[in-house]
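Novice: what's the 3D shape of this:
(chains A, B and C)
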Amino acid sequence: MFAASSLTGTFTTLAKQFEAAHPGVTITTSFGASSALATQIVNGAPADVFASASPKNMQQVVTAGDASAPTIFAKNVMEIAVPPSNPAKVTGVNSLASSSVKVALCQPQVPCGVTAAKVFKNAGVTVKPVTLEPDVKSVLAKVELNEVDAGVVYVTDVMAAGTKVAGVTIPANVNASTSYPIASLSKSSNSAVAQAFVAYVLSPAGQSVLTAAGFEKP
Amino acid sequence: MTGPDAGELVVAAIVRRGDFTLDVEFSAAAGEVVGILGPNGAGKSTLLAALAGLTPVSSGRIVLDGQPVDDATTGVFVDASSRPIGFVFQDYRLFPHLSVADNVAFSPRARGLGKQAARAAAAAWLERFGLSEFASRKPGQLSGGQAQRVALARALAADPTLLLLDEPLSALDAGTRLDVQTELRTHLQNFAGPCLLVTHDPLEALVLADRLLVLESGRIVQEGSPALVARRPATEYVSKLVGLNLYSGHADGSRVTLDEGGSFVIPDQNQHGDVLVAVRPSAVAVSLRPPEGTSVRNTWPARVVGLTLLADRVRLDLSGQPSILVDVTPAAVADLSLRAGDEVWLAVKATELEVYNRKPSP
Amino acid sequence: MDTVDTAAPRTRLTARERDRRAARGAGSRSVPLPLLAPALVAVVFLVLPLVGLLVRAPWGRLISILRGSDATQALVLSLWTATVATAIALAIGVPLAWVLARGSFPGQRLLRALVTLPLVLPPVVGGVALLLVFGRAGLVGQYLDKWFGLTIPFSPIAVVMAETFVAMPFLIITVEGALRSADRGFEEAAATLGASRMTVFRRVTVPLIAPSLGAGAVLCWARALGEFGATITFAGSFPGRTETMPIAVYYALENDPDAAIALSLVLLLVSVVVLVSLRDRWLRTGAAS
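Specialist: Numbers count the residues shown, from 1 in each chain, chains lettered A, B, ... in the order given. You can find the predicted model right below:
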């Protein structure tokens, strides 16, 4: 199973639950930036299920003929993660525009980068980051290590990080969201199990895991 | 420093290297060429290394030109780079990445002279050695003889008080060696300070040195002029090594008139001028009566002065024109009932004589 | 009766082969098959991916791709950081190599193992380690930040440091090996000629190990140029400031694979030019000096 980095916590739990309910089934997951995963799948990486953090990367896979009929299973909005001590005293999106604040963002072509750009457009600010990381977990890591003053990640990431980071909420009127599609892959050799897993993610039991982690309903 | 000790080398030291102990006491006066002979493992390299400052003495001291350069009692140790020595290595060790001129200029530059001054000094030395045309060549492009001269020039360019040579001619083939030998003798004689020369070739020692030191197992077993050491070898090794008859004389066509009296017929028809003639003791035949109807060209009467019993032969010391050392078997001595004072006849074939020019080749 | 030795293998040599062998001298026989076959496999394995790059390159769009991308910035950054990293490695790595080769002190073997650790350490681990020491909250970094307001991560300095960290051990190992096997006789000779130890080092030791020094420097430079894990972890990535060529290629792969190939080609071309121009002079380690 290939899944976006932001799904690390939730999909690990979902996989364990599915394995418990279906003895004899083992699920291995590879987490990474959706854009990177999509490229890998298109180039022949063996996978049964793909859960992307943006419809654009799923479309890449569909166009290549490796998936069909994806379903949106969750939504995520952004939040600013800061080190617990909030050394730069970040209060909102506007703080990030200041040149004295070190900001980490995702690479512009990665879903969290795309969504963060939308947030800045909504807020009408220009942010100059010190680094563009390959995926959202790397941004989070930089914040946790107190190497940057702030990083723009998903709300689920702030929740998952617990006490290691503090969160600064982005007001709903400037915030942007991204939708998560999931699909079983056509080249899968376990299509029955793959489809069963997709169904599980969409089921109430699966959805409750996602909402508990901070995802919004699709 | 001037005066009777000027430039003198005084050594009274023990050097321990692993299991080996070198224990020597000797001196070398300014201008003197001391030849150090000895078998492998005798300690010749250790001695040179200690004199050069590449290894410290374990006890005793080395004094050069009145200054102690190594004193185990007071702790003084002047290391190699600060000692006024010149060292000619057996394998020359010319720096392969520097030209001949830069090799010779190395010491002046290392001691602080500017590039120009050092180059000029080097040029003077190259001129003196007749090496000017090779100045810009690399050591790899030199012949053995040329390399040897560059090595000597480089050592002398260091303006040393003491000159050390480690088997300076052993890397050369026999023909080149003879040519270089005479030239080397001239340079060594011209050197103002003491000069120590390690060699395993007795002829080289006899030709180049004013005085010989024979080293065996880390100790000096004999010291003296080459003639004395040759005549009166103190040990088996010395007699085997240095028992060689060497005569200086004047050649005229196929005959050499010896300085000390007598003459030899030599095989070469065209030798002229001052020469050295070498005769191995084992090449001479002894008979009680004058040889008759023989092909041998060189026969003369002599009187037995002494007999020395060596491991496998008897060495006879004979006086005559010329005097000579002769090796014969103990059985022969018994057969001929040879005793001190006996009058005998000696015969040596012209082809057994080795003749060397005493002047350097043009 | 004729006795013919039927056991002796006979080869048929053509006239051309005879000439070739006579010219090349003794020992110039052809490669035995048990060695030739695996050698060919190795060649194919190493060369085929390069051929793949050349075959799949978008030759038509090449110029427009490169013009529109971060290529120039990334390339310039990669080239100068790799060069500075190599210069630093030479300045501090050669003395260390000397100490390891010629010194004698307790813990020498441990020291040697430690300084070559970056060779086996995964580069990302190296990056994390650098972050923990020189990062804003790092062992040393916190004081740099507090006293001088200096932050190293996310700057080109960080790129240079990360590259030096992973590449310097290559230089140290090469030079140490050369110093160990160098003929000390020349150094002894230099000493007897009155040269101080530094003079001996400068005028004799270093020139004599020059080929190994060059080979080590080229290895170091090439390793620094290709570094990815340590730089992206410690220095992050930002176009023009810390986005090196390898990072640019990685990111391009997700967006536009053709761009990735184009950038890879540029990097490949630069590397080939450098290696070929230095090949004969420097890569023949220890050959007749």
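Novice: count of neighbours near the nearest residue to C:Gly229 once chain neighbours are set aside?
Specialist: Among residues not flanking C:Gly229 along the chain, C:Pro123 sits closest, at 3.3 Å (CB to CB, 6 or more residues apart in numbering or on different chains). To be clear about C-beta, it is placed using only N, CA and C from the backbone, and glycine gets the same treatment. Other residues within reach of C:Pro123, judged by other CB atoms under 10 Å in any protein chain shown, total 22.
Novice: quick one: contacts for C:Pro123?
Specialist: Contacts for C:Pro123 (CB atoms under 8 Å, 6 or more residues apart in numbering or on different chains) come out as C:166, C:227-230.
Novice: pLDDT added to these, as TSV?
Specialist: Formatted as TSV, those follow (pLDDT from 0 to 100):
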residue	pLDDT
C:Val166	95
C:Glu227	93
C:Phe228	92
C:Gly229	92
C:Ala230	93
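Novice: how many residues are close by the one residue in chain A that gets nearest to chain B?
Specialist: Using CB to the nearest CB, A:Thr131 is the residue of chain A that sits closest to chain B, at 47.5 Å. Neighbourhood size, A:Thr131 [other CB under 10 Å]: 25.
Novice: for A:Gln195, same thing?
Specialist: A:Gln195 has 15 neighbours, counted by other CB under 10 Å.
Novice: and it, what is it in contact with?
Specialist: A:Gln195 is in contact with A:Ser184, counting by CB under 8 Å, 6+ apart.
Novice: for the longest strand along chain A, the distance to its chain's centre please.
Specialist: In chain A, with assignment by DSSP state E, the single longest strand is strand A:71-82. Distance of strand A:71-82 from the chain centroid (CA atoms, centre = their mean, to the nearest Å) equals 7 Å.
Novice: could you chop chain A up by domain?
Specialist: Domain ranges of chain A: A:2-74+A:179-212, A:76-168, per automatic domain parsing.
Novice: correct me if wrong: B:Ala121 contacts B:Arg154.
Specialist: No - at 11.3 Å, B:Ala121 does not count as touching B:Arg154 under the criterion of CB atoms under 8 Å.
Novice: quick one, which of those two is more surrounded?
Specialist: Taking other CB under 10 Å, B:Ala121 and B:Arg154 do not tie; B:Arg154 has more neighbours (28 against 18).
Novice: now do the helix or strand hosting that one: which elements does it pack against?
Specialist: Assigned by DSSP states H and E, B:Arg154 belongs to helix B:144-156. Packing partners of helix B:144-156 (3 or more CB pairs under 8 Å, 6 or more residues apart in numbering or on different chains; DSSP states H and E): strand B:85-88, helix B:100-110, helix B:115-128, strand B:162-166, helix B:174-190.
Novice: what about stretch C:53-61, start to end distance?
Specialist: One end of stretch C:53-61 to the other measures 15 Å (CA to CA, to the nearest Å).
Novice: now C:Leu193: closest residue in space that isn't a chain neighbour?
Specialist: That would be B:Ser107: by CB to CB, 6+ apart, it lies 4.0 Å from C:Leu193.
Novice: swap in C:Thr199?
Specialist: B:Ala110 (5.3 Å).
Novice: pretty sure that neighbour contacts C:Ala190?
Specialist: Yes - the criterion here is CB under 8 Å, and B:Ala110 meets it with C:Ala190 at 7.3 Å.
Novice: hmm, back to that, show me the contacts of C:Pro123 that map onto strands.
Specialist: Members of the contacts of C:Pro123 lying in strands (criterion: DSSP E): none.
Novice: put the alpha carbons of the worst-scoring helix or strand of chain A on mean pLDDT into CSV.
Specialist: Lowest on mean pLDDT, DSSP states H and E among the helices and strands of chain A sits helix A:34-42, with a mean of 88. Taking C-alpha atoms only, helix A:34-42 is exported to CSV below (Å, rounded to 0.1, in the frame of the first residue of the first chain):
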residue,chain,number,x,y,z
SER,A,34,2.1,11.7,-3.0
SER,A,35,3.8,13.1,-6.1
ALA,A,36,6.8,10.8,-5.5
LEU,A,37,4.6,7.8,-4.9
ALA,A,38,2.6,8.5,-8.1
THR,A,39,5.7,8.6,-10.2
GLN,A,40,6.9,5.3,-8.7
ILE,A,41,3.6,3.6,-9.4
VAL,A,42,3.5,4.9,-13.0
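Novice: anything in that helix near chain C?
Specialist: Yes - interface with chain C: helix A:34-42 contributes A:35-36, A:38-39 (CB under 8 Å from any CB of the partner chain).
Novice: ranges for the strands of chain A?
Specialist: A:2-4, A:30-32, A:49-51, A:71-82, A:103-106, A:131-133, A:150-154, A:166-168, A:177-184.
Novice: including distance to chain C, could those strands go into CSV?
Specialist: Formatted as CSV, those follow (distance: least, CB to the nearest CB, whole Å):
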stretch, distance to chain C
strand A:2-4, 13
strand A:30-32, 10
strand A:49-51, 15
strand A:71-82, 13
strand A:103-106, 7
strand A:131-133, 3
strand A:150-154, 11
strand A:166-168, 15
strand A:177-184, 16
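Novice: out of these, which is closest to C:Phe105?
Specialist: With CB to CB as the criterion, C:Phe105 lies closest to strand A:131-133 of the strands of chain A, at 41.5 Å.
Novice: list the strands paired with the closest one, with their directions.
Specialist: Partners of strand A:131-133 in the sheet, by DSSP bridges, are strand A:103-106 (parallel).
Novice: ok, which stretches of chain C are strands?
Specialist: For chain C, applying DSSP E gives no strands.
Novice: poorly predicted segments of chain C, please.
Specialist: Applying pLDDT under 70 to chain C picks out residues C:1-8, C:24-29, C:69, C:278-289.
Novice: near chain B, which residues of it?
Specialist: Residues of chain C lying near chain B (CB under 8 Å from any CB): C:185-186, C:188-197, C:199-200, C:203-204, C:207-208, C:210, C:289.
Novice: show me what from the stretch 151-289 of chain C comes close to chain A.
Specialist: Listed as neighbours of chain A in the stretch 151-289 of chain C under the rule CB under 8 Å from any CB: C:151, C:153-154, C:232, C:235-239, C:242-243, C:250-251, C:253-255, C:257.
Novice: make it 6 Å
Specialist: C:153-154, C:236-238, C:251, C:254-255 (CB under 6 Å from any CB of the partner chain).
Novice: need the contact list for residue 164.
Specialist: Picked chain A for this. Each residue near A:Lys164 by CB atoms under 6 Å, 6 or more residues apart in numbering or on different chains is listed here: A:Glu144.
Novice: please refer instead to chain C.
Specialist: The contact partners of C:Thr164, by CB under 6 Å, 6+ apart, come to C:85, C:88-89.
Novice: leaving out chain neighbours, which residue sits closest to it?
Specialist: Leaving aside its sequence neighbours, C:Thr164 sits nearest to C:Ala85 (CB to CB, 6+ apart; 4.3 Å).
Novice: could you break chain B into its assigned domains?
Specialist: When chain B is cut into domains by automatic domain parsing, you get B:9-94+B:142-242, B:256-357.
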